[in-house]
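Engineer: Could you look at this predicted model? Sequence included:
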Amino acid sequence: MQRVMIVGGPGSGKSTLARELGTRTGLPVFHMDQIHWQPGWVERSKHEKDRLSSEVHRQDRWIFEGGHSRTYPERIARADTFIWLDVPVTLRTIRVLRRSWVYRGQSRPDLPEGCPEQFNGRTVEFLKFIWDTRHSSRAKLLEVWQSPPAHLTLHRFTRLKEVRQFLAALEKEQRRQAVTGTSPGRG
């Protein structure tokens, strides 16, 4: 596992999982929200987002979480691991509301500085976006899931329990490798 693509709808837990995986694997973590937004909630142009995403894709090692489906083909071509957090929209909505409240007035770790979380009309706008795109966004990910390239290891989680089991299995494998002196692909 050297290039991990983590996808899912807003509030599915992508950023949290990316940080956890980064801590456990030592892989650098990249958040699409840091590419998408500039300070002050100013959205970058599509061209700029494409360029910055491509810079991440070209690196040898990464965990890249988030959307910008225009760059999925390039990301999928480079990724060795695809993790889809396929979490119900009701749970995602609750999580978005909770994080908006918890981080209100401050930037979340996966956002650039100068993008304070707000609990206001912007939150309502975002919830509407989540609801309006719940089917179309999921359909794009389902296509990848159903017809993946041969090189891609797939994981699809619908519950937090499955994510915890995945992380526990990864930790167990890392301990085994430390004891036996092996690493993935060698042994």
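Structural biologist: Everything's here; your move.

Engineer: Identify each buried residue in the top helix by length along the chain, please.
Structural biologist: Longest helix of the chain, by residue count under DSSP state H: helix 121-146. Neighbour-count burial for helix 121-146, counted by 16 or more other C-beta atoms under 10 Å, picks out T123, F126, L127, I130, T133, R134, S137, R138, L141, V144. Backbone N, C-alpha and C define where each C-beta goes, glycine included.

Engineer: Out of those, show me where the pLDDT dips lowest.
Structural biologist: Minimum pLDDT for the buried residues of helix 121-146 is recorded at T123 (80).

Engineer: if we can go back for a sec, tell me which other helices or strands the longest helix of the chain touches.
Structural biologist: helix 72-78, strand 81-85, helix 89-102 (3 or more C-beta pairs under 8 Å, 6 or more residues apart in numbering; DSSP states H and E).

Engineer: Try it again at 6 Å.
Structural biologist: Judged by 3 or more C-beta pairs under 6 Å, 6 or more residues apart in numbering; DSSP states H and E, helix 121-146 has no packing partners among the helices and strands.

Engineer: Pull the contacting residues for M1.
Structural biologist: Neighbour list for M1: T81 [criterion: C-beta atoms under 6 Å, 6 or more residues apart in numbering].

Engineer: And it, how close does it get to L152?
Structural biologist: 11 Å (C-beta to C-beta, to the nearest Å).

Engineer: do the same with W101
Structural biologist: In terms of C-beta to C-beta, W101 sits 36 Å off from L152.

Engineer: When these two are compared, which one has more neighbours?
Structural biologist: Neighbour totals were compared for W101 and L152, and L152 leads with 15 against 11 (other C-beta atoms under 10 Å).

Engineer: pretty sure the more buried one is in contact with F82, am I right?
Structural biologist: Yes - L152 is within contact range of F82, at 5.1 Å (criterion: C-beta atoms under 6 Å).

Engineer: possible to save the buried residues of helix 121-146 as TSV with distance to W41?
Structural biologist: Formatted as TSV, the buried residues of helix 121-146 follow (distance: C-beta to C-beta, whole Å):
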residue	distance to W41
T123	12
F126	11
L127	16
I130	17
T133	19
R134	23
S137	21
R138	26
L141	26
V144	29
